[in-house]
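J.: everything below, folded, please.
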Amino acid sequence: MARERSAGTKRLTKRLTKRLTKRVAQLAAAGVVALGTTAAAPAQADFSVVESEPTFRALVEGRELRRFGIRLQVHPDGRISGSGFGRSVTGDWDWRGRYFCRTLEWGSGSDPDNCQLVLRDGSTLRFISHQGQGDHADFRLR
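T.: Residues are numbered from 1 along each chain as shown. Predicted structure coming up:
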């Protein structure tokens, strides 16, 4: 009887772990979508627009972009690499006009091309999806 309960408990634990892992992956995906998004945008008074690709490259080259559960590197050769909540994140980027444009893949998910306005306040970069009209994510430069 104890073995049956133990086996049942193990199955239940395995199912719950699988569901939790899937949910964390979904949350990670939501966090990575706009290089991580936040719905409500606070005042942007201290942020200034990163106007050019050379300026953006100078900010991110050799540095890591971090926010809770997410660590990313934006490489000079147009690659993005890192992790989001324990899952590998890869992608590609380029600069178009005034926008950082990128695609991302993580775990079994992906996010199509999205051009984002980039703002800077000290060591914080804010990425605003859909050419500055969507959600935003703040990353610390390390």
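J.: the helix or strand Ser83 falls within - what's its average pLDDT?
T.: Element membership of Ser83 [criterion: DSSP states H and E] is strand 79-84. Averaged over strand 79-84, pLDDT sits at 96.
J.: tell me where the model's unsure across this structure.
T.: Scanning the chain with the threshold set as pLDDT under 70 gives 1-45.
J.: ok, longest strand in it?
T.: strand 109-121 (DSSP state E).
J.: quick one: the strands in this structure?
T.: For the chain, the strands defined by DSSP E cover 48-49, 65-67, 70-74, 79-84, 87-96, 99-106, 109-121, 124-128, 136-141.
J.: now for the fifth one, which elements pack on it?
T.: In this case it means strand 87-96. Secondary-structure packing of strand 87-96 (3 or more C-beta pairs under 8 Å, 6 or more residues apart in numbering; DSSP states H and E): helix 2-32, strand 70-74, strand 79-84, strand 99-106. C-beta here means a position set from N, CA and C on the backbone, and glycine is covered the same way.
J.: nearest residue to Trp95 in space, please, no chain neighbours.
T.: Glu53 (3.6 Å; C-beta to C-beta, 6 or more residues apart in numbering).
J.: wait, that neighbour touches Arg96, no?
T.: No: look at Glu53 against Arg96 with C-beta atoms under 8 Å: they stay out of range, at 9.0 Å.
J.: against Glu51, how distant is the residue nearest to Ile80 when sequence neighbours are not counted?
T.: Among residues not flanking Ile80 along the chain, Gly91 sits closest, at 3.8 Å (C-beta to C-beta, 6+ apart). From Gly91 over to Glu51 the distance is 23 Å, taken as C-beta to C-beta, to the nearest Å.
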